[in-house]
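Pasted the sequence and its predicted model underneath.
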Amino acid sequence: MDRLTVLDDTFVVLERDNLPMHIGSLMIFDGPPPEYEDLTAHMSGRLDQLPRYRQVLREVPLNLGRPTWQDDTHFSLEYHVRHTAVPHPGGDEQLRILAGRLLSQRLDMQRPLWEMWLIEGLAQDRFAILNKVHHAMVDGLSGADIMAALLDESPQPVDRTPSQWRPTPPPSTVSVVGAAVVDAVRNPMDRLGHLVKDLESPRDAVQKVASALAGTLRIGETLAHTEDNLMGQPGPHRRWVWANGSLDEVRTIKSALGGTVNDVILTAIASGFREFLLGRVDDLPEGAFVRTMVPVSTRPSDAQSGGNQVAVMFCDLPVGLADVGERFASVHEQMVAAKSSGTVEGLDSLLENAVFIPPALYAAAGKLAAVTPQPAVSTITTNVPGPQSQLYILSHPMRKMLPYVPLGMNQLVTIAIMSYNGELCCGITADYDQVPDVQRVAQGIEQGLADLAAAAAERGSGSS
């Protein structure tokens, strides 16, 4: 029986009216929009590659175990693939407003947890497709795999054999409860088995536990800063804007300044938050920072299923530093330290040991956490590498792929970054009522990339 992981289930128990837990993307294509019937036929021929898209979540009675995935015996593709249009003149502003409205709406938790919207009316002979997928189904990387299944590498669509899918009848209540009881015993025993195996090599076990403990303590230590302008209970509506950059330029910057692509991106995002905060406060002290959580994928390259396989690191974005070179150096030093500090192992160990928590208690704790203010992390910054070649849908070339990530508990702004075909796109999610000035973050990110490019060019000319 296919059961949610602890992390997947976390996204389910956090779901509520003001905290929808879906991720998403907006893909912009050249040309007139396809007919709705052609798009649904295209989807129908590919869903066999995406079994989760025809499955629903089913709770275990009395919360005796985590929910399971079961085939939707009433699946209707037309319910999930939808059709709408932006008003005239169909520019980016109209598209942002419509996308923000669609992304604010919760998914129906009684149906397969996804929607796709065909959007017409865009200026410059374009159309868009907006996707929403619950975070319990996918993390960023497996979400990118889903896009690969829906898109083609050639203008000529790949022919698909019409699906012969038939839903598997749902299991009986007795079998669901029985499997939950077995898992409740087996999973902790599996974990204990790993611990026993570790004890066969005491020296290695001590080092592993020390690393995990250091990481766990560091997590507790770093979850101590709040940012008044970025934290608060989000309302039901979202603003969504984006910033653009060149992946080649980012690579040039990182080579010149001696860091990584992620260092460049985080520094640009620090510039975005600096611009945003300076629009709200008179000045920022040199030591001011915004704490961000940076998810790190732990998904094996050959993983076949969806779900979430991530750990996290933390970075204090140095928004108080006026010089972009100093901001870059601060980010780079932190990320080097984080990768060797045990923080990632620390969080993994916390998740692994969650199997010892009774599911009913775990579910209750998750629901309580969703309504309890947490002063830990000001924002989330997630970076997903996308495909670096031209992709198509129904012969139409895709020009942009813009990522969406939900707001977390007590967070008013989050950022997702995705690269596609040489371009870098930052999707910035914000609470509609409390962050009407979120566009300043996007402007600051683009200016930050320009400032980093200038610093890299100066470094290059100086070394020559």
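Received it, and whenever you're ready, just let me know what you need.

ok so P406 is a strand residue?
No: going by DSSP: H, G, I helix; E, B strand; the rest coil, the assignment for P406 is coil, not a strand.

Do I have it right that E423 meets L247?
Yes: using C-beta atoms under 8 Å, E423 is in contact with L247, at 6.3 Å. No exception for glycine: its C-beta is placed from N, CA and C like everyone else's.

Assign E115 to helix, strand or coil.
Assignment for E115 (three-state DSSP): strand.

List the contacts of the closest residue to it other than its chain neighbours.
Sequence neighbours aside, K132 is the residue nearest to E115 in space, at 4.5 Å (criterion: C-beta to C-beta, 6 or more residues apart in numbering). Going by C-beta atoms under 8 Å, 6 or more residues apart in numbering, K132 touches H22, I23, G24, L102, L103, L107, W114, E115, M116, W117.

Can you give me the end-to-end span of stretch 281-294?
26 Å (C-alpha to C-alpha, to the nearest Å).

What residues sit buried inside that stretch?
L284, A288, F289, V290, R291, T292, M293, V294 (16 or more other C-beta atoms under 10 Å).

So the first one, which state does it fall into?
Which is L284. Per three-state DSSP, L284 ends up coil.

With adjacent residues omitted, what lies nearest to it?
Nearest to L284 is G320, by C-beta to C-beta, 6+ apart, at 4.7 Å.

can you check P318 too?
Using C-beta to C-beta, 6+ apart, the nearest residue to P318 is S330, at 4.2 Å.

Measure how buried the one you found is and give me the count.
Neighbour count of S330, defined by other C-beta atoms under 10 Å: 21.

so it is in which element?
helix 324-339 (DSSP states H and E).

what does that helix contact?
Against helix 324-339 from outside (C-beta under 8 Å, 6+ apart): 257-260, 262-264, 266-267, 270-271, 313-318, 321, 344, 448, 451-452, 455.

what about the stretch 201-350 of the chain, any weak spots by pLDDT?
201-227, 296-311, 341-350 (pLDDT under 70).

Could you report the distance from R96 to R54?
Distance, R96 to R54, by C-beta to C-beta, to the nearest Å: 31 Å.

Please read the previous query as pertaining to M116.
Taking C-beta to C-beta, one finds M116 at 14 Å from R54.

cool, D108 as well?
14 Å.

The residue nearest to E115: what secondary structure?
Judged by three-state DSSP, the three-state class of K132 is strand.

Mind pulling up the pLDDT for it?
Note for K132: predicted pLDDT of 94.

in the sheet, who's paired with it?
G24, E115 (DSSP bridges).

Likewise for V81?
M116.

and it, what is it in contact with?
Y36, L39, T40, M43, E115, M116, L118.

at 6 Å instead, please
T40, M43, M116 (C-beta atoms under 6 Å, 6 or more residues apart in numbering).

give me phi/psi at the first one?
Torsion angles at T40 (phi, psi; degrees, to the nearest 10) stand at phi -70, psi -40.

Could you report the pLDDT at the closest residue to it other than its chain neighbours?
Using C-beta to C-beta, 6+ apart and skipping residues adjacent in sequence, the residue nearest T40 is V81, 5.1 Å away. At V81, the model reports a pLDDT of 96.

now do the one 5 residues further on
Here the pLDDT value assigned to V86 is 97.

Neighbours of I119, how many?
Neighbours of I119 using other C-beta under 10 Å come to 24.

Go ahead and confirm it touches L102.
No: the criterion here is C-beta atoms under 6 Å, and I119 misses it with L102 at 8.7 Å.

all helices in this protein, in order from the N-terminus.
6-14, 36-44, 77-80, 92-104, 140-150, 173-199, 202-222, 247-257, 261-278, 324-339, 343-352, 359-370, 439-463 (DSSP state H).

tell me the domain boundaries of this structure?
With domains defined by automatic domain parsing, the chain comprises 6-174, 224-344+355-463.

Single out the most deeply packed of these.
domain 224-344+355-463 (a mean of 19; mean count of other C-beta atoms under 10 Å).

That one: how far from the chain's middle?
Computed by C-alpha atoms, centre = their mean, to the nearest Å, the chain-centroid distance of domain 224-344+355-463 equals 10 Å.

Show the contacting residues for L118.
L118 touches L39, H83, I129, counting by C-beta under 6 Å, 6+ apart.

hmm, try it at 10 Å
33-36, 38-40, 81-85, 127-130 (C-beta atoms under 10 Å, 6 or more residues apart in numbering).

Local confidence estimate at it?
97.

any idea how far the closest residue to it other than its chain neighbours is from M147?
Distances taken as C-beta to C-beta, 6+ apart put H83 closest to L118, at 5.0 Å, once the chain neighbours are dropped. When distance is defined by C-beta to C-beta, H83 is 20 Å away from M147.

With R54 instead?
For R54 relative to M147 (C-beta to C-beta), the value is 18 Å.

before we move on, what about F273?
For F273, the distance to M147 - C-beta to C-beta - is 28 Å.

same question, G422
Counting by C-beta to C-beta, the gap from G422 to M147 is 17 Å.
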